[in-house]
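1. sequence? don't have it. structure:
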């Protein structure tokens, strides 16, 4: 796939004229009445913008092609409407789906001639407005002015997201392709969580009353088992004892299922699905990604959830909503019963990857179960009293928060995939049962104050937890590998040739990222030894200097060096040498688990060249060059000139030792 993608980009770069023609045809088709409804013009324009950012095609020919296609397409649609008028209603699809045309006419009547410009961006049915303008006899001169002016604005506006996306891909490829992939997976997961919550609500809500009526009829026929169902669905039934019984029933059912499937048939480590999820999460590790996922993990941490439970509980008591408070506490305290009981009885071990966590069991996942109970039942409370077309929104927000916590647990490998999903399912079962009883036994209007107070409580506790425990949380969720001792003699003889990686471990794999340096010694000793040859510690990219990338006139030697990721970590040191203002060499070293002769740390790294990449005069990126022979030649010369280093070469790798040990 990677080779196919490279060939496609090579063909586009060698034949840009065909690309401009495709952009013209797509913009034309996207603007035509009816046809435009079927053409994914927006995605293709974004793709063209990405090709502009990567340098495969030029901006102005692409923009002009898009403008010409859009103006011509709208012009054809206008002519059709102007010529055929009301006869268009007899055409397919308007003869079967007239509402699309009616919405366009209503939009045009509301905004007049401005609708041609507005409709290109936000109108109901992008390709309908020019057709409607012709049907309603808009003067040709006014239409032409609106058509051309909006087309000139439309093309750059639709190319811009692709340009930004392409530039971010270049930056992501320089920093770590895994970060881009993680963000794509995370964004897709959170979007799917919100979309699924909305679709499920719209699917279930119309049938809820009928299902509850059926439940009550079933309960009347089964008086013993149905007593619990009556308590949940019948508003006049006392519910305190039943909630306790329901909790016991859920725990018992989960225990039986877990014992049957987990302990008898197979263990989580033996399931291929769990192994795949664990490997994927570990393969996506980068420092920036770990900071992000640690933040998402805090949404399910004990301090954040406990603060939210207390804030909401105090507010409900202050408003004298005692019954609501009982349900709220019943949702939260279920965690205190389920976790120790199921954890000790099932004793499902965590993945053995070196995490130092207090709770030893993988099921239930405390953050995943806690987030499901607290955010899930809070959504039930907040949705009460909302109008029908907004009632899905709290559930969508809760789904996003729960999915974020689940993604963080899987990223860090804190629990197995099946255990995270099982914990969410258990929490949903309890929150749903409570929600049914809550909605049937309580009444009230929408409480926007509760939503605001809950949001403030969540934001305050999350911020406080982030400021006080972020570094400790990242450290606890990062695997620690045991140090391995080795003698200098064995290292020199090649004992680690098969154990150390020969290329930088990142998802963006290519021969450009070969590991060609092994160094035994202190980092400051290496920096001192090479300082006489012009090598200096690099200023690395961070939040404090990122704005410099937005100044394309800045020389390459004044741009911050973008950190590279190897095996989930940034380099421990980066040294730079600047032979000229437009030429920069970089040595990067990463730590290993090995210690030589009991005290010398062993580092691995590479020597690369940087080029300055100007993205449309908007951004300057110091990107890694395709060839590093120049960097290797300079490094070999400078290593030979230094009297503080002992250097040998083995299988194309420089093996460097500090002379002072």
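-> Cool, got the structure. Model, not experiment: these values are computed from the prediction. Numbering: from 1, shown residues only.
2. Every contact and neighbour count from this point should use C-alpha atoms.
-> OK.
3. which SS class is the nearest residue to residue 63 once chain neighbours are set aside?
-> Leaving aside its sequence neighbours, residue 63 sits nearest to residue 155 (C-alpha to C-alpha, 6 or more residues apart in numbering; 5.8 Å). Using DSSP: H, G, I helix; E, B strand; the rest coil, the structure places residue 155 in helix.
4. could you show me where the helices are in the stretch 501-650 of the chain, in order?
-> Taking DSSP state H, counting those that start in this stretch to define them, one finds helices in the stretch 501-650 of the chain at 523-531, 629-641.
5. Off-centre distance for the strand of greatest length in the chain?
-> Longest strand in the chain by number of residues (criterion: DSSP state E): strand 600-615. Centroid separation for strand 600-615 versus its chain: 27 Å, with C-alpha atoms, centre = their mean, to the nearest Å.
6. cool, stretch 541-555 as well?
-> Relative to its parent chain, stretch 541-555 has a centroid offset of 25 Å by C-alpha atoms, centre = their mean.
7. Report the buried residues of it.
-> By 16 or more other C-alpha atoms under 10 Å, the buried positions in stretch 541-555 come out as 541, 548, 549, 552.
8. Between the two ends of it, what distance do you get?
-> In stretch 541-555, first residue to last residue: 15 Å (C-alpha to C-alpha, to the nearest Å).
9. Next, the residues that contact it from outside, please.
-> Stretch 541-555 is contacted from outside by 559-563, 581-582, 614, 617-621, using C-alpha atoms under 8 Å, 6 or more residues apart in numbering.
10. now it: mean pLDDT?
-> Across stretch 541-555, pLDDT averages out at 77.
11. Now do the residue nearest to residue 63 against residue 26, distance only.
-> Distance, residue 155 to residue 26, using C-alpha to C-alpha: 12 Å.
12. residues bridging contact with those two, i.e. touching both?
-> With C-alpha under 8 Å, 6+ apart as the test, residue 155 and residue 26 both reach residue 66.
13. if you count what's nearby, which of these two comes out ahead?
-> Taking other C-alpha atoms under 10 Å, residue 155 and residue 26 do not tie; residue 26 has more neighbours (24 against 21).
14. That one and residue 68: what is the separation?
-> Applying C-alpha to C-alpha to residue 26 and residue 68 gives a distance of 11 Å.
15. who does the longest strand of the chain touch, helix- and strand-wise?
-> Of the remaining helices and strands, those touching strand 600-615 by 3 or more C-alpha pairs under 8 Å, 6 or more residues apart in numbering; DSSP states H and E are strand 517-520, strand 583-596, strand 619-624, helix 629-641.
16. domain ranges for the chain?
-> 2-175, 177-231+238-476, 484-658 (automatic domain parsing).
17. ok, residue 493 - how many residues close by?
-> By other C-alpha under 10 Å, neighbour count at residue 493 equals 11.
18. swap in residue 583?
-> The tally of other residues near residue 583 (other C-alpha under 10 Å) stands at 15.
19. ok, it touching residue 558?
-> No - with contact defined as C-alpha atoms under 8 Å, residue 583 and residue 558 do not form a contacting pair (11.2 Å).
20. Number of residues surrounding residue 71?
-> Residue 71 sits with 21 neighbouring residues when counted by other C-alpha under 10 Å.
21. give the contact list for it.
-> Contact analysis of residue 71 by C-alpha under 8 Å, 6+ apart lists 28, 31, 147, 148, 151.
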